[in-house]
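In: Sequence and predicted structure are below.
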Amino acid sequence: MRLWVCITLLSIVLCASADRPAIVQGMIRAGQFVRDAAGGSWDMYRAYRDMREANYKGADKYFHARGNYDAARRGPGGAWAARVIRWSFLLPHSDARENWQGRVSGRGAEDTRLDQEANAWGRRGGDPNRYRPKGLPSKY
């Protein structure tokens, strides 16, 4: 009986430490990427929601940097989500959006460029507090 218990335990240890087939490893990496991307999307949404809730003048760059920073920290999938997700859900980042900002909202290409700079700063792992305005509630 002891011999069978030892053989069983040895088999379990050997099987657990054996290399997985490449297809299984690829599926696991793909699953992790998707999980990171979903989490990164959530991080971006949470930063966007907080920005809307705070409604604090001059804080948009901070929230851009924070959302990208949080998403990129999740891993490759989160970094991918941060690159893909756009802050403007109605208009893409393009000349049309910049023209719209310049004519309608009073913001122009310079503001868009600064937003993109804050996005890149966060994705590279830079501290989002660099863009934090004085007086923004500590809740954010």
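Out: It's in.

In: For Pro21, give me its contacts.
Out: If you count contacts by C-beta atoms under 8 Å, 6 or more residues apart in numbering, Pro21 has none. C-beta: built from backbone N, CA, C; applies to glycine.

In: phi, psi of Asn55?
Out: phi 50, psi 50 (degrees, to the nearest 10).

In: Tell me how far it lies from Ala47.
Out: To Ala47, Asn55 is 14 Å away according to C-beta to C-beta, to the nearest Å.

In: the more surrounded of the two?
Out: Ala47 (24 against 7; other C-beta atoms under 10 Å).

In: what secondary structure does that one sit in?
Out: Taking DSSP: H, G, I helix; E, B strand; the rest coil as the rule, one finds Ala47 in the helix state.

In: How many neighbouring residues does His64 have?
Out: Neighbours of His64 (other C-beta under 10 Å): 26.

In: list the contacts for the residue nearest to it when sequence neighbours are not counted?
Out: Spatial nearest neighbour of His64, chain neighbours left out: Ala118 (4.1 Å); criterion: C-beta to C-beta, 6 or more residues apart in numbering. Counting by C-beta under 8 Å, 6+ apart, Ala118 makes contact with Lys61, Tyr62, His64, Ala65, Asn68, Tyr131.

In: Could you measure from Ala118 over to Arg35?
Out: Applying C-beta to C-beta to Ala118 and Arg35 gives a distance of 26 Å.

In: returning to what we had before: of the contacts of Ala118, which is the nearest to Gly39?
Out: Of all those, Asn68 has the smallest distance to Gly39: 13.3 Å, by C-beta to C-beta.

In: To what extent is the nearest residue to Arg74 once chain neighbours are set aside buried, counted in neighbours?
Out: Of all residues not flanking Arg74 in the chain, Asp36 sits nearest, at 4.4 Å (C-beta to C-beta, 6+ apart). By the criterion of other C-beta under 10 Å, Asp36 has 21 neighbours.

In: Secondary structure element holding Asp36?
Out: helix 22-54 (DSSP states H and E).

In: Could I get the buried residue list for that helix?
Out: For helix 22-54, the neighbour count (16 or more other C-beta atoms under 10 Å) marks 33, 36-37, 39-44, 47-48, 50-51, 54 as buried.
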